[in-house]
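Here's a sequence, model it:
(chains A, B, C and D)
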2 protein chains.
Amino acid sequence: MPDILDDAERLCAQNGVRLTPLRRRVLELVAGSKAPVKAYDLLSRIDQSNANAKPPTVYRALDFLMEAGLVHRVEALNAFIACPQAGHGHAAMLYVCEDCANVTEVQGARPGQDNKPDGFAVKRSVIEHYGKCIDCR
Amino acid sequence: MPDILDDAERLCAQNGVRLTPLRRRVLELVAGSKAPVKAYDLLSRIDQSNANAKPPTVYRALDFLMEAGLVHRVEALNAFIACPQAGHGHAAMLYVCEDCANVTEVQGARPGQDNKPDGFAVKRSVIEHYGKCIDCR
DNA sequence: GTTATGGATGTAATAACATAACAAAATGAA
DNA sequence: TTCATTTTGTTATGTTATTACATCCATAAC
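I've put the predicted structure just below:
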């Protein structure tokens, strides 16, 4: 977990963007959760360090972190996870266990570019698999 | 479009479920839209035929239609599309043009089951590609 | 060191999306 | 018909996310 935050500092410095205390705090909360975290959960937890936090506070920090490749949004859950391999482009594929909520991220998968519609230029992909992990079977 | 509705009637009859006028009307609205439709848009359009429609009216119909394999939810858009190949299991992969909002559905793709985590049993998958279709380039 | 500038955060309000819980009505089987 | 089940009506509320504008803060130009 310090790893993730250190990596994040490094990455942001490299890219000339600012990992402010607030953003760092949100990343810390996301990274500290095994399961995907909801924005309003972040909001209530952040509140302890920042009494002024409101929804935009959290959503802005999340937008920044996603932009920076540090956090992913889990679309079908309206929730967020820390990217374990920060900065690795964005071909991430997620395996979400519906029992324990644990998420495994697999990098680099290039799914079915084969039978894609003629001339379609893919900009970003959402690939989320839901089921049961080995431990929950 | 009559095709989709006819197919739906047939499928529901086969499966012993009821495509009521309300559900049929919602399917008709979804199928009648080239772009993915929002639930509240459906609500406001359905209103003309059913003044009593409320959010649960629409969400229940959509749940039914999804269960029946007639409609898909587009997770990253909070929107819905009619399934062009109703009843075909659910390995659907979507290509969504961010310019014209058109959606192409590709069946059967089995993306990257290769490098999936050991012992993970996939129950359902969300696969959505966002970008530009050939016409919008 | 002051001051412009842009980026970041504070703040209030509200928009957009979705469900819970219970009542009433419609359908179909016994 | 009566009963059980499914469907729809209805009210209320919960959850997720954004808009719009104000204020603050860091930095670099002067």
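
Briefly note if the strand ranked longest in chain A comes near DNA strand D.
For chain A, the longest strand by residue count, based on DSSP state E, is strand A:121-132. No. On the criterion Cβ under 7 Å from any atom of the strand, strand A:121-132 is out of touch with DNA strand D, staying 12.8 Å away. Backbone N, C-alpha and C define where each C-beta goes, glycine included.

Tell me how far that strand lies from the chain's centre.
Centroid displacement of strand A:121-132 relative to its chain, using Cα atoms, centre = their mean, to the nearest Å, is 13 Å.

now do stretch A:76-88
Distance, centroid of stretch A:76-88 to centroid of chain: 2 Å (Cα atoms, centre = their mean).

buried residues in stretch A:100-107?
A:Asn102, A:Val103, A:Thr104, A:Glu105, A:Val106 (16 or more other Cβ atoms under 10 Å in any protein chain shown).

Tell me the residues of chain A that contact DNA strand C?
A:17-18, A:20-23, A:50, A:52-57, A:60-61, A:64.

Closest to A:Ala35 out of those residues?
Distance to A:Ala35, by Cβ to Cβ, is smallest for A:Ala61 among the residues of chain A next to DNA strand C, at 19.0 Å.

ok, now which ones touch that closest one?
A:Leu22, A:Arg23, A:Arg25, A:Val26, A:Leu27 (Cβ atoms under 8 Å, 6 or more residues apart in numbering or on different chains).

Neighbour-wise, which one of those residues leads?
Looking at the contacts of A:Ala61 with neighbours defined as other Cβ atoms under 10 Å in any protein chain shown, the largest count falls to A:Val26 at 30 neighbours.

A strand includes that one, no?
No. Under the criterion used here (DSSP: H, G, I helix; E, B strand; the rest coil), A:Val26 is helix, not part of a strand.

For the helix or strand bottoming out on mean pLDDT in chain A, buried residues please.
Counting by mean pLDDT, DSSP states H and E, chain A has its least confident helix or strand at helix A:2-15, which shows a mean of 90. By neighbour count with 16+ other Cβ under 10 Å, helix A:2-15 contains the buried residues A:Ile4, A:Leu5, A:Asp7, A:Ala8, A:Leu11, A:Cys12.

Then stretch A:74-91?
A:74-77, A:79-84, A:86-87, A:91.

go on, stretch A:42-54?
By neighbour count on 16+ other Cβ under 10 Å, the buried set for stretch A:42-54 is A:Leu42, A:Leu43, A:Arg45, A:Ile46, A:Ala53.
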